[in-house]
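K.L.:
let me see the structure of the following:
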Amino acid sequence: MADRMLELAAQQPGFLGVESARDGVGITVSYWRHLESIKAWKANAEHLVAQQTGRADWYRQYKTRIARVERDYGFDNAAA
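P.N.:
So this is what the prediction gives:
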């Protein structure tokens, strides 16, 4: 389901990308150009089914945060 949701999200206007991590606890962060894009994704029919399935079958709890990224930078020493 996660793969399908990523495929579907990537087709949505305003989708910028996604980052995920799983190690006992999972986190997925999706990035969108506008708040309107987020609202449209939340209302997508196939995504609604996935949300309902997640609440019924996969998750005991989840949290959604909507935030603006003001700056993004990092360091990668892998090339050294």
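
K.L.:
hey, let's count contacts and neighbours off CA atoms from now on
P.N.:
OK.

K.L.:
could you check the pLDDT of Asp23?
P.N.:
Reported pLDDT at Asp23 in the predicted model: 87.

K.L.:
and Trp32, how many neighbours does it have?
P.N.:
Neighbourhood size, Trp32 [other CA atoms under 10 Å]: 20.

K.L.:
again with Glu46
P.N.:
13.

K.L.:
remind me which helix or strand it belongs to.
P.N.:
helix 45-53 (DSSP states H and E).

K.L.:
just for the protein, where's the confidence low?
P.N.:
Within the chain, the segments meeting pLDDT under 70 span 80.

K.L.:
tell me how far Arg71 lies from Thr28.
P.N.:
19 Å (CA to CA, to the nearest Å).

K.L.:
so for those two, which sits in the more crowded spot?
P.N.:
Neighbour comparison, Arg71 and Thr28: the larger count goes to Thr28, with 11 against 5 (by other CA under 10 Å).

K.L.:
the more buried one in helix, strand or coil?
P.N.:
Secondary structure state of Thr28, per DSSP: H, G, I helix; E, B strand; the rest coil, is strand.

K.L.:
so what's Gln11 up against?
P.N.:
By CA atoms under 8 Å, 6 or more residues apart in numbering, the contact list for Gln11 is empty.

K.L.:
quickly list what the most centrally placed residue in the chain is bridged to.
P.N.:
Per CA atoms, centre = their mean, the C-alpha nearest to the average position across the chain is that of Ser30, at 3.3 Å. Counting by DSSP bridges, Ser30 is bridged to Val18.

K.L.:
wait, it sits on Ala9?
P.N.:
No. Using CA atoms under 8 Å, Ser30 is not in contact with Ala9; the gap is 9.0 Å.

K.L.:
you'd agree Ala10 is up against Gly17?
P.N.:
Yes. The pair Ala10 / Gly17 is scored as a contact, 7.4 Å apart, by CA under 8 Å.

K.L.:
what sits in contact with each of the two?
P.N.:
Common neighbours of Ala10 and Gly17, counting by CA under 8 Å, 6+ apart, are absent.

K.L.:
show me where this structure has its helices.
P.N.:
2-10, 35-43, 45-53 (DSSP state H).

K.L.:
and for stretch 61-76, what are the contacting residues?
P.N.:
Arg55.
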